[in-house]
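Enquirer: give me a 3D structure for the following:
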Amino acid sequence: MKETATVSVCGDALKPLAKRLGLPWVATPGAGLTLMQEDGVLVLAGDEHRYGKPLRADFVAGKAAHRRRFGGGRGQLVAKACGLGKTQSPYVVDATAGLGRDAFVLASLGAEVLMIERVPVIFALLEDALARAACDPETAPITARLRLAHGDACRGLAAMVAAAGFSPQVIHLDPMFPHRTKSALVKKEMRIFRDLAGDDDDAPRLLEAALDVATHRVAVKRPRTAPAIAGPAPAHVIEGKTSRYDLYVHRALPNAPR
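Expert: Numbering: from 1, shown residues only. Just a heads-up that it's a prediction; the model follows:
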């Protein structure tokens, strides 16, 4: 059963956003999680003891900037898993976008990426991050290769891809791994996602939907020692230090550039 955190929206400027997301608007932050602006950036804030610092999506500075400059290019695990080769820049659907970190890496390396996010407040954070990145000269060309859709990929993946007019050559999945026995081992950032959406108990259904829609391959990110998602066995596995990718391959990606 999914956990549901209480989420509200705070700030006069965000009243239209609260209405669009179907969330209550409040004059001052209260209990639970609050979507608000902090120094002109949309953040999701809550009890710092439980959740840590306010959560934001950011493609311009911080980890995204460091990874863009020093991450290792097409040698990165996610790039290999999604088939970015010397002459390959496939169309990728990131059906579990989260804060968009993997999608941004793929777009920075030349891939066209459709991000799908089902949690409304996380979708709002992504919208805000894309708008800010589009105004920065270094990241604007990258954001031009990123598109964003709000919806549940388990139930409407084919329709969302069709509505976006997108060619789903590769579908990238990063479902949450079930709770560890010691809650202290769960990063505070991840607690927000768990409290908003719970564990991805429907991961097998998501994999099935992805296999039906992807034209060439599905790449599923997993903790290195975790079992594969229930369903067909992966055709290949690419391992990193702490995580791995299970690859489900329909056919080889074309060698020639688009």
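Enquirer: and the strands in the stretch 151-258 of the chain?
Expert: 170-173, 217-223, 236-239, 243-249 (DSSP state E, counting those that start in this stretch).
Enquirer: any regions of the stretch 1-150 of the chain where pLDDT drops low?
Expert: 1-4, 70-71 (pLDDT under 70).
Enquirer: how about a cut-off of 90?
Expert: Within the stretch 1-150 of the chain, the segments meeting pLDDT under 90 span 1-6, 29-32, 47-52, 61-75, 85-89.
Enquirer: please enumerate the strands of it.
Expert: Going by DSSP E, counting those that start in this stretch, the stretch 1-150 of the chain shows strands at 7-10, 25-26, 33-38, 41-45, 91-94, 112-117, 146-150.
Enquirer: thinking again about what came up before, quick check: which of the strands of the stretch 151-258 of the chain is buried the most?
Expert: Sort these by mean neighbour count, taking mean count of other C-beta atoms under 10 Å, and strand 170-173 sits at the top with a mean of 28. From N, CA and C alone the C-beta is placed, and that goes for glycine too.
Enquirer: so which residues make contact with it?
Expert: 78, 81-83, 90-96, 102-103, 106, 157, 203, 206-207, 210, 213-214, 216-221, 253 (C-beta atoms under 8 Å, 6 or more residues apart in numbering).
Enquirer: all helices for this structure, in order.
Expert: 15-21, 48-51, 62-70, 77-81, 101-108, 120-134, 140-143, 153-163, 188-197, 203-213 (DSSP state H).
Enquirer: tell me how many other residues crowd residue 135.
Expert: Using other C-beta atoms under 10 Å, residue 135 is surrounded by 10 other residues.
Enquirer: when you give positions from now on, start the count at 8
Expert: In the new count, where the first residue is 8, that last one comes out as residue 142.
Enquirer: what's the closest non-adjacent residue to the residue nearest to the spatial centre of the chain?
Expert: Nearest residue to the geometric centre of the chain (C-alpha atoms, centre = their mean): residue 104, 1.6 Å. Of all residues not flanking residue 104 in the chain, residue 122 sits nearest, at 3.8 Å (C-beta to C-beta, 6 or more residues apart in numbering).
Enquirer: distance of that neighbour from residue 21?
Expert: From residue 122 across to residue 21, the span is 22 Å (C-beta to C-beta, to the nearest Å).
Enquirer: same check on residue 199?
Expert: 18 Å.
Enquirer: the more surrounded of the two?
Expert: A count of neighbours by other C-beta under 10 Å puts residue 199 above the other of residue 199 and residue 21, at 24 against 19.
Enquirer: hmm, back to that, how about the residue nearest to the centre of the chain, what does it touch?
Expert: Neighbours of residue 104 in contact, by C-beta under 8 Å, 6+ apart: 110, 122, 123, 124, 129, 133, 155.
Enquirer: in CSV: those residues, plus distance to residue 66.
Expert: Converted to CSV, the contacts of residue 104 look like this (distance: C-beta to C-beta, whole Å):
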residue, distance to residue 66
110, 9
122, 11
123, 17
124, 14
129, 14
133, 9
155, 12
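Enquirer: would you write out the ChimeraX command that picks the buried residues out of those residues?
Expert: Selecting only the buried entries of those in ChimeraX, with 16 or more other C-beta atoms under 10 Å as the criterion:
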select :110,122,123,124,129,133,155
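Enquirer: between the contacts of residue 104, which sits nearest residue 39?
Expert: residue 129 (15.3 Å; C-beta to C-beta).
Enquirer: is it correct that the closest one is in contact with residue 106?
Expert: Yes: counting by C-beta atoms under 8 Å, residue 129 does reach residue 106; the two are 7.1 Å apart.
Enquirer: shared neighbours of these two, which are they?
Expert: With C-beta under 8 Å, 6+ apart as the test, residue 129 and residue 106 both reach residue 64.
Enquirer: and the pLDDT at the closest residue to residue 213 other than its chain neighbours?
Expert: Of all residues not flanking residue 213 in the chain, residue 161 sits nearest, at 4.9 Å (C-beta to C-beta, 6+ apart). According to the prediction, residue 161 has pLDDT 92.
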